Each structure stands twice: as structure tokens, then as C-alpha cells.
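coords below, sequence missing:
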């Protein structure tokens, strides 16, 4: 007897093949049969006629990480059909860390646990159990801080050996690759040779190198070339994170950079990319400042921002060659999305230029004041992308989908602020707006990009397809109504059209409602991936 049969649905198996009407039987957490199962015995049958049954969506670029300890339901992710998250992106992971490195962030989320190694964090998450499956990269930023601190100096041989040892340890503990965040400290202080050396660990383990590149603006082409070079020299497969061109001066460049990916693949270098389907980015407001400000860490940066001479120099630079105008953008493109203190809560949802007007000061002075008062803990959205590029990138066959977001929920600490709506709407937005309404790609291709493509890049075993013997990570959605509802003004809103979501055979969303079940597994390189 089967545990559950999903009957009468249109099965899109994730391979890109057309849908077929079939029943799907589940037993012991796996897909047991696919076909006409009308006469088969089952403990429960669920009629899904008029709906698509697809593999659960894989969020190729997530930032949930330790937030899953506070939001085990992964509310904003499961409600958009996500069954597996890939964390540790952009050079930041939940280990290795110094004992108190995450203390402030953990306290804000109500998490009392502490750990140091990435393996310890994965063990803890396994013990607690999230709703979604979770795997993680190890952040190069974590490796660099652990090996040589937060300074801007170049790595010497001893530093490289220390980072390699830490990388090997994390990969042995289950990390599925290494990530970089080359616009953030301390990753921004590294050179190509350092990154090649550290990524040799990924290459030797058959793992992935995922990169938030050094530039997504004026030096976009150079940044893609560097990512490809790192993959070629290290032997690691390359995942280019949230591929895009920032600022009007750089719109259209993705056509050339996608061709660079194709050329590298033709040469035998494994290169892919991911994207989110929006025209605004999201990151820390402090990313607008030059790298040198952060040399030595947060306290050193705040000390510099308290120096009038430093601020005067920044004022000149940010209005000139170091400011957003250098890539065809402006400070009015920046929206404040979250601050730490109640005193500045009024700024959330406003453009930086509006904050400056309210304070009756120059916009750069407003930027520096807000960062100082919030001790650099300010998030922003930056409206500097274009729809044509979003569609161009989406059409490329080696591009998959990622939220670039933390799992949120409408209440509690993770319901604060006005985060990017991608936290709640990424995957339904692709299905509703880019497939059904704009017809940018087919439904079959969209599902492939969300399922079997990321599973293949990650080399996940028995996930990403509706096949007998595969784990029953499944999403059931209405192709006629599925759509994102979260907006920049009201981001904490779930999507519509996602009827049921199963993780390892257990419903985590049923009839559009989160069940509270936590059947997710921590997926590790050695145990859950094919690395040969």
C-alpha cells in the first residue's frame, strides 16, 4: 500500500519534456510509481486534477542559513514551492566562525545556540530539522577571516595554507562547494591567485565554486572572465550568482557575458549562472562605500566614518568617480528596506534621496549618517536593472533560479522591515509573469530551470525529477493562477496558486496552508551528491 497518491494531475517531470497526465504514488518518502494508479491501494489519495505536479523547486541561491533555526518552517520559501535551499552564498556561511562572530544576529533571531565549524552548524540543523532540505557552500569570507582576520592585506603562503585546510575541513564536513562575495569585505581584498588556490579544494572534492563576482557593473566582462579563469585553473565547476548588469551604462552586456559562458563550456569549463526575476538588487547599504572603508572590520569602519576628513573625501568620491553615477545610476534608485533601531524605522520603504530631504542634508551625508547611527546594519534595494536583461538571462539554458533571500515570515524578527519581495515571490513570479503572461520561456523550460538543472549542477542524488525511486520532493500548482503577490511596498505577502508542497514525501504546504511539518534533511557533499 502506498502512503499517498496524487491523482489526476499533469506531471512535468523536470527534464523539460512535455507534461503527461499521470498519478504519482509515494511510499517511505520516495516516489514509488508514476502512471495510472486508479486501482492501487493507498492510505490517502489527493485529487490534483487541473494542477501541475512537478519536482520541488531548488533555490539555487539562498541566504536562509542559520535563520532556519528560528524559522524552521521556512515560511516564505515553502509557500512558493521551494523544497531545497542552497545556503552559504556570496562568501558568507554559518561556519567556520569565531565563537561570538554571529552573536548579535543570533540574539536578534532568538537563537541561543553557538557553534564554530560548519559541520557543527549542520549537525545542529539536522537535530532541529527544517521544513526544507538544506545544503550549503562554505564562504571564502569565513575562511579568510578565520585564517587572517578582517584586514585588507594580501594573503601570503601561510594564509593560503590555512584557508585551504579550513576549506578542506568544511568540504569534508559536507559543504557542497565554496562561495565568494567579491564586493564585500574581506573577499574584496583577495586577488585571483588567492581564489584559485582556495578553490583547488573545491576542484579536488568535485565541488562547486559559486561567486558573487567582483563587478556586475562597468567591469562585468572582466568579472566573468575572472570567474571562468578561477574555474579553469582550480578545476572547480563555476556558478555565477544572480547574473545581471547593474546601471544603465551596463544594460545589454549580459548578451556578451552569456556568450563568454558558452565559449568556456565549449572549452570544457563547467559554468552556469542563476538569477532572480526582478529589476532591483538587494544588499547592505554599506556596499555603496569604497572597499578601503572596511579594512580591519566593523569597528575600524565606524571609526573612519566618525572622521570629518574621511567623510569629506567620501562625499567627493561618491558624488563623482566612486558613486552610482559612474555606472548610470543615482542615489534616488536606492530604497532603504531595513534598519536596526526604532529611531530610524521611518526610513524603511523610502528612497535615500527622500531620507536626505527629510534630514535637509546632502544625500551622501544622509548615507553616512544612517550607516553610522545604525552601526552599518542597514539593508537596501537598488533599482538599477532592466527587464530586457532579465528576459535575456532567463532564456539562457544554463541559467537556473534563485531567490537570493533569507526565508522570511510575516511575524516576529523575520517579519521586520520591507525586504525584497523575492523572499516570497521568486518562483511563482517566473511561472506567472514570465511564462504565462510574457511567454519568455515555456512552462517545461521554467520547471527544468527550477528542478533538474540545479540538481545536476549540485550533483544531488535522486532529486530534481519526478522519477520512480527519487525522493518525493514535489510541488503541485495551478498553471492558470500561480503568481507572486509580494511587492516592494508590501513584501510579506505569500503567492497564489501553490496548492501542495511535499518534502521527502511529507506535506509542508497542504491546500495552500503551511502545515508546520519539518521533514527536511541536511544534504552533504559526500552523502547526498555524486562527485565522480
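Everything's here; your move. This is a predicted model, so every value here is computed, not measured.

Could you point out which residue ranges in this structure have low pLDDT?
532 (pLDDT under 70).

what sits against the closest residue to residue 449 other than its chain neighbours?
Leaving aside its sequence neighbours, residue 449 sits nearest to residue 400 (C-beta to C-beta, 6 or more residues apart in numbering; 4.9 Å). C-betas here are computed from N, CA, C, even on glycine. Residue 400 is in contact with 58, 60, 272, 273, 274, 449, 450, 453, 454, 457, counting by C-beta atoms under 8 Å, 6 or more residues apart in numbering.

can you tell me the helix or strand for residue 400?
Per DSSP states H and E: residue 400 is located in strand 399-401.

How is this structure divided into domains?
56-282+384-460, 284-382 (automatic domain parsing).

what's the closest residue to residue 218 other than its chain neighbours in contact with, if anything?
Counting by C-beta to C-beta, 6+ apart, residue 327 is the residue found nearest to residue 218 once chain neighbours are left out, at 5.3 Å. The contact partners of residue 327, taken as C-beta under 8 Å, 6+ apart, are 217, 218, 246, 247, 248, 249, 250, 384.

rewinding a little: who does the strand holding residue 400 pair with, and is each partner parallel or antiparallel?
Strand pairing for strand 399-401, using DSSP bridges, gives strand 271-275 (parallel).

distance between the next helix or strand after the strand it pairs with and the chain's centre?
Using DSSP H and E, the helix or strand that follows strand 271-275 in sequence is strand 281-284. Computed by C-alpha atoms, centre = their mean, to the nearest Å, the chain-centroid distance of strand 281-284 equals 12 Å.

Note down every partner strand of strand 281-284 and its orientation.
Strand 281-284 is paired, per DSSP bridges, with strand 379-382 (antiparallel).

Show me where the stretch 51-200 of the chain has its helices.
Ranges of helices within the stretch 51-200 of the chain are 75-78, 103-108, 118-128, 140-148, 157-172, 192-204, based on DSSP state H, counting those that start in this stretch.

What angle do helix 192-204 and whatever helix or strand comes next after the last one make with each other?
Pointing back at helix 192-204 there. Sequence-wise, the next helix or strand downstream of helix 192-204 (DSSP H and E) is strand 208-212. Counting by axes from the mean of the first three to the mean of the last three C-alpha atoms, to 10 degrees, strand 208-212 points 140 degrees away from the direction of helix 192-204.

okay, the angle between strand 208-212 and helix 140-148?
Using the same axes, to 10 degrees: strand 208-212 against helix 140-148 is 100 degrees.

rewinding a little: nearest approach to residue 27 belongs to which of the domains of the chain?
With C-beta to C-beta as the measure, domain 56-282+384-460 is the member of the domains of the chain nearest residue 27 (17.2 Å).

End to end on the closest one, go ahead and measure it.
Distance between the two ends of domain 56-282+384-460: 13 Å, counting by C-alpha to C-alpha, to the nearest Å.

hmm, back to that, out of the helices of the stretch 51-200 of the chain, deepest packed?
Stretch with highest mean neighbour count among the helices of the stretch 51-200 of the chain: helix 75-78 (a mean of 30; mean count of other C-beta atoms under 10 Å).

and for that one, what are the contacting residues?
Contacts of helix 75-78 (C-beta under 8 Å, 6+ apart): 59, 62, 64, 85, 131-132, 403, 405, 407-410, 423-424, 492, 494, 501, 503, 508-509, 514.

Could you pull up the residues touching residue 62?
By C-beta under 8 Å, 6+ apart, the neighbours of residue 62 are 77, 85, 86, 87, 89, 402, 403, 404, 405, 406, 407.

Go again with 6 Å.
By C-beta atoms under 6 Å, 6 or more residues apart in numbering, the contact set of residue 62 is 85, 86, 87.

List just the nearest of those to residue 256.
Of the contacts of residue 62, the one sitting nearest to residue 256 (C-beta to C-beta) turns out to be residue 86, at 26.9 Å.

Please, where are all the helices along the stretch 301-450 of the chain?
308-318, 352-359, 363-373, 387-395, 422-429, 443-450.

residues near residue 467, how many?
17 (other C-beta atoms under 10 Å).

Shouldn't it be within a strand?
No: per DSSP: H, G, I helix; E, B strand; the rest coil, residue 467 lies outside any strand segment and is coil.

any idea how far it lies from residue 22?
Separation of residue 467 from residue 22 (C-beta to C-beta, to the nearest Å) stands at 12 Å.

And residue 65, by the same measure?
For residue 65, the distance to residue 22 - C-beta to C-beta - is 37 Å.

Could you do residue 360 as well?
Counting by C-beta to C-beta, the gap from residue 360 to residue 22 is 65 Å.

Compare the two and say which is more crowded by neighbours.
Shown here are residue 360 and residue 22; by other C-beta under 10 Å, residue 22 has more neighbours (19 against 7).

how many neighbours does the residue lying closest to the more buried one once chain neighbours are set aside have?
Spatial nearest neighbour of residue 22, excluding adjacent residues (C-beta to C-beta, 6+ apart): residue 11 at 4.6 Å. Other residues near residue 11 number 23, with proximity taken as other C-beta under 10 Å.

hang on, isn't residue 11 packed against residue 20?
Yes: Residue 11 is in contact with residue 20 according to C-beta atoms under 6 Å; the separation is 5.5 Å.

and residue 500, that's in a strand?
Yes: checked against three-state DSSP, residue 500 lies within a strand.

Look at the nearest residue to it once chain neighbours are set aside and give its secondary structure.
When the adjacent residues along the chain are set aside, residue 500 lies closest to residue 476, with 4.1 Å between them (C-beta to C-beta, 6+ apart). Under three-state DSSP, the three-state class of residue 476 is strand.

Tell me what residue 476 is bridged to.
Beta-bridge partners of residue 476, as defined by DSSP bridges: residue 53, residue 500.

quick one, what contacts it?
48, 51, 53, 499, 500.

what's the fourth one in contact with, if anything?
Contacts for residue 499 (C-beta under 6 Å, 6+ apart) come out as 51, 476, 512.

okay, these in CSV with distance to residue 227 next?
Output for these, formatted as CSV (distance: C-beta to C-beta, whole Å):
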residue, distance to residue 227
51, 39
476, 37
512, 39
